[in-house]
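> 3D model of this:
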Amino acid sequence: MIRILRADMVRLRKSIAFRLSLTGMLVLSALFMVMQATGMDYTVPLSRVIFLPMSMYGVAMAAFVSVFVGTDFSDGFIRNKLIAADHRCSLVVSQIIVSCMGCLITYITTTVFTSVAGSFFFENNVDQAVFFRYFFLGISMSLVTGCMFSVITMLCGSKTTAILCCMGLAFGMLFLCLHTNEILVQTAYKNDVPNPRYISGIRRELCSILHDLNPCGQAAQLSGWMVWHPVRSLVFNVIQIMGLPTVCCMIFRRKDIY
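Numbers count the residues shown, from 1 in each chain. Take a look at the predicted model:
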């Protein structure tokens, strides 16, 4: 596994898909800052800018991971890796680790860039303790993203199919997050009048759980500087980080590789 992991790390450093996704996130971050600095008629706080690029993070990482991992299948390298690997699970774990590293590097680089550059243009209202709590929650969110898309790509066994599935899932999670966020931000009353769009009870709790399970939902909460259930979100992330590779190993061991 160590040899495969080293080879995949070298491939990550040379990956065009990784460089393009990282560059795209940095460009997106710069565009968002320009829009916030020039398009608003009020003073924008830094807290509303730091995690704003994360709204498109899932889509960018879906493209990166599906292309990066899928290339092994499209170029036939996967058969050579199976021969070199001690066990199929070693190959799965290696791919997941490298994908997570790429996602993590992109997340950290984008967040640091936005924080440093934004501090020159926006009112600094950031509480350092809150920032670090949210920052580490974002790390776990990025690891879930890497696990999820690498597992899908490994199980698809085809670069084209993986790209379609990962991009479809990324946009699906994004639209779902917009829907659940719209539900959860509704207040019981508007202008002292009962809000007909407000839901309560078990329906609201189910929407909240779905929002916290969704990496895009967590990214939306980070971008709004309002994470409603940080501990629950972290627990969900840990469960997914541990569970997704396990499921992938169980299925991939029985998968026919052509």
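
> State the number of residues packed around residue 20.
Using other Cβ atoms under 10 Å, residue 20 is surrounded by 14 other residues. Where C-beta positions appear, they are placed from N, C-alpha and C, glycine not excepted.

> can you tell me which residues contact it?
Residue 20 makes contact with residue 64 under the criterion Cβ atoms under 8 Å, 6 or more residues apart in numbering.

> Could you tell me which residues within stretch 204-213 count as buried?
For stretch 204-213, the neighbour count (16 or more other Cβ atoms under 10 Å) marks 207-208, 210-213 as buried.

> Among these, which ones are in helices?
207-208, 210-213 (DSSP state H).

> can you give me the strands in this protein?
189-190, 193-194 (DSSP state E).

> Kindly reformat those strands as TSV containing mean pLDDT and distance to residue 167.
What follows is these, written out as TSV (pLDDT from 0 to 100; distance: least, Cβ to Cβ, whole Å):
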stretch	mean pLDDT	distance to residue 167
strand 189-190	80	37
strand 193-194	81	40
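
> quick one: which of those is nearest residue 231?
With Cβ to Cβ as the measure, strand 189-190 is the member of those nearest residue 231 (28.5 Å).

> Name every strand pairing with the closest one and say which way it goes.
Its sheet considered, strand 189-190 pairs with strand 193-194 (antiparallel) by DSSP bridges.

> out of everything not next to it in sequence, what's closest to residue 244?
residue 147 (4.4 Å; Cβ to Cβ, 6 or more residues apart in numbering).

> With residue 66 instead?
Nearest one to residue 66, counting by Cβ to Cβ, 6+ apart, is residue 166 at 4.0 Å.

> dump the residue contacts of the one you found.
Residue 166 sits in contact with 62-63, 65-66, 149, 152-153, where contact means Cβ under 8 Å, 6+ apart.

> Okay, buried residues for the lengthiest helix in the chain please.
Scanning the chain for the longest helix, with DSSP H as the assignment, gives helix 88-118. For helix 88-118, burial by neighbour count (16+ other Cβ under 10 Å) applies to 88-104, 106-107, 110-111, 113-115, 118.

> helices or strands up against that helix?
On a contact count with 3 or more Cβ pairs under 8 Å, 6 or more residues apart in numbering; DSSP states H and E, helix 88-118 meets helix 2-14, helix 16-39, helix 57-74, helix 77-84, helix 128-156, helix 230-252.

> Lowest average confidence across these, which one?
Confidence, taken as mean pLDDT, is least for helix 77-84 of the helices and strands packed on helix 88-118 (a mean of 62).

> any idea of the pLDDT on residue 107?
Value listed for residue 107 in the pLDDT field: 96.

> before we move on, what about the one 4 residues further on?
You'll see residue 111 listed with a pLDDT of 94.

> residues contacting it?
50-51, 54, 135, 138.

> Likewise for residue 13?
Contacts of residue 13 (Cβ under 8 Å, 6+ apart): none.

> sorry, back to before: let's see if you can find the most crowded of the contacts of residue 166.
Neighbour max across these (other Cβ under 10 Å) = residue 65, 33 neighbours.

> Test my guess that it contacts residue 100.
No - Residue 65 is not in contact with residue 100 according to Cβ atoms under 8 Å; the separation is 9.2 Å.

> any residues in contact with both of the two?
146, 150.

> With mean neighbour count and distance to residue 236 as extra columns, can I get the strands of the chain in JSON lines?
Formatted as JSON lines, the strands of the chain follow (neighbours: other Cβ atoms under 10 Å; distance: least, Cβ to Cβ, whole Å):
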{"stretch": "strand 189-190", "mean neighbour count": "10", "distance to residue 236": "30"}
{"stretch": "strand 193-194", "mean neighbour count": "8", "distance to residue 236": "32"}
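
> Those strands: which one's closest to residue 229?
strand 189-190 (22.9 Å).
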